[in-house]
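Chemist: My questions concern the predicted model and sequence given below.
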Amino acid sequence: MYAPTLIHVNRAANPPPSFSLFGVGIVGGVMAGFFGVGGGIIMVPLLLWWAKINQREAQATSLVAIAPAAIVVTASYSLGGVFPLLPALVLAMGAVAGAQMGAFLLRRLSLGWLRWTFTGFVAMMSLTVMLTVPHREAQVQLGIAELVALLIIGMGMGTASGLLGIGGGIVAIPLIMLTFGVGDLEAKGMSLIAMAPAAISGSWAHLRNQIARLRNGAWIAGGALVATPVGAAGAFSLPETFANVVFGLFALTIAVFLALRAIFSSKNSI
């Protein structure tokens, strides 16, 4: 059995400065609005570097901040005419179940394993996004096969959300585009609608098990709420192929820095 004291937040430690957390939220919010993701793909590394908290707490805290940001971005996308509600609800059903599985795994996996899993995951998805050819005019046509596919994608999205502290959009968006042949805005809209319930599900588990602090998540969410509409405006203004390449290159850069940090940390622990 695992020891519960090993997975709880250290309440005696000094909390990260509020301005650092708010700044993380600002950057994550722009990313969330622009790329249709929860922003955790950048918030987790920034929490490691700026807020100086460990990988497990960074991933849990990021998820706490994602739900309110996802709601604001969804509203921004709907104002632009992107609101695929029905397929998103099916996606959300799988995501809520998957988020609990991800939260369960986060409490039991080692920090070293989490570092390398997150790094490899970011690298793989960055390449996938760059190679995806979007078609913005296409929409999802729902049938039995499509419903099952959405549930499976949702479960993967939710598991990544609970485990990695991300909204899950970085998983769902490329898979939706590849599976259904839809454009980036449609895939982002579906992901964003499904993201909030998945993030709430995983966040509740993290807060209940004292892996994250509500205070930290609230400061990050505040910054994200300010910045998400700006990112959403950018998403509608840039060509989809260019936006995919920019995001892919950015995510790949993050993966390289995370790999270097993991190597450096392992050398120092020897």
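Modeler: That came through fine. Residues are numbered from 1 along each chain as shown.

Chemist: how about the helices in the stretch 151-270 of the chain?
Modeler: 169-180, 184-208, 214-237, 240-268 (DSSP state H, counting those that start in this stretch).

Chemist: That should have said the stretch 1-150 of the chain, apologies.
Modeler: Along the stretch 1-150 of the chain, counting by DSSP H, counting those that start in this stretch, helices occupy 18-35, 40-49, 55-79, 85-106, 111-131, 144-164.

Chemist: Can you list the buried residues in the last one?
Modeler: It refers to helix 144-164. For helix 144-164, burial by neighbour count (16 or more other C-beta atoms under 10 Å) applies to 149-151, 153-164. (C-beta placed from N, C-alpha, C; glycine too.)

Chemist: swap in the second one?
Modeler: Applying a neighbour-count criterion of 16+ other C-beta under 10 Å, the buried positions in helix 40-49 are 40-48.

Chemist: could you dump those to a markdown table with pLDDT?
Modeler: Below are the buried residues of helix 40-49 laid out as a markdown table (pLDDT from 0 to 100):
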| residue | pLDDT |
| --- | --- |
| Gly40 | 76 |
| Ile41 | 74 |
| Ile42 | 81 |
| Met43 | 88 |
| Val44 | 85 |
| Pro45 | 84 |
| Leu46 | 87 |
| Leu47 | 90 |
| Leu48 | 87 |
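
Chemist: which one of the residues you listed is nearest Phe121?
Modeler: Compare each of the buried residues of helix 40-49 with Phe121 using C-beta to C-beta and the shortest gap goes to Ile41, at 9.2 Å.

Chemist: circling back to that earlier point, include distance to Ala224 when you put the helices of the stretch 1-150 of the chain into JSON lines, please.
Modeler: Putting the helices of the stretch 1-150 of the chain into JSON lines (distance: least, C-beta to C-beta, whole Å) gives the following:
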{"stretch": "helix 18-35", "distance to Ala224": "3"}
{"stretch": "helix 40-49", "distance to Ala224": "8"}
{"stretch": "helix 55-79", "distance to Ala224": "4"}
{"stretch": "helix 85-106", "distance to Ala224": "19"}
{"stretch": "helix 111-131", "distance to Ala224": "19"}
{"stretch": "helix 144-164", "distance to Ala224": "15"}
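
Chemist: of those helices, which approaches Ser203 most closely?
Modeler: Ranking the helices of the stretch 1-150 of the chain by proximity to Ser203 (C-beta to C-beta) places helix 55-79 first, at 4.5 Å.

Chemist: tell me what the closest one is packed against?
Modeler: helix 18-35, helix 40-49, helix 85-106, helix 111-131, helix 144-164, helix 184-208, helix 214-237 (3 or more C-beta pairs under 8 Å, 6 or more residues apart in numbering; DSSP states H and E).

Chemist: how does it look with 6 Å?
Modeler: Packing contacts for helix 55-79, counted by 3 or more C-beta pairs under 6 Å, 6 or more residues apart in numbering; DSSP states H and E, involve helix 18-35, helix 40-49, helix 111-131, helix 184-208, helix 214-237.

Chemist: Pull out the buried residues from the longest one.
Modeler: Spelled out, it's helix 184-208. Neighbour counts using 16+ other C-beta under 10 Å place 184-207 of helix 184-208 among the buried residues.

Chemist: and it with helix 169-180, angle?
Modeler: Calculated by axes from the mean of the first three to the mean of the last three C-alpha atoms, to 10 degrees, helix 184-208 forms an angle of 140 degrees with helix 169-180.

Chemist: Quick check: Gly158 touching Met93?
Modeler: No. Using C-beta atoms under 6 Å, Gly158 makes no contact with Met93, being 9.4 Å away.
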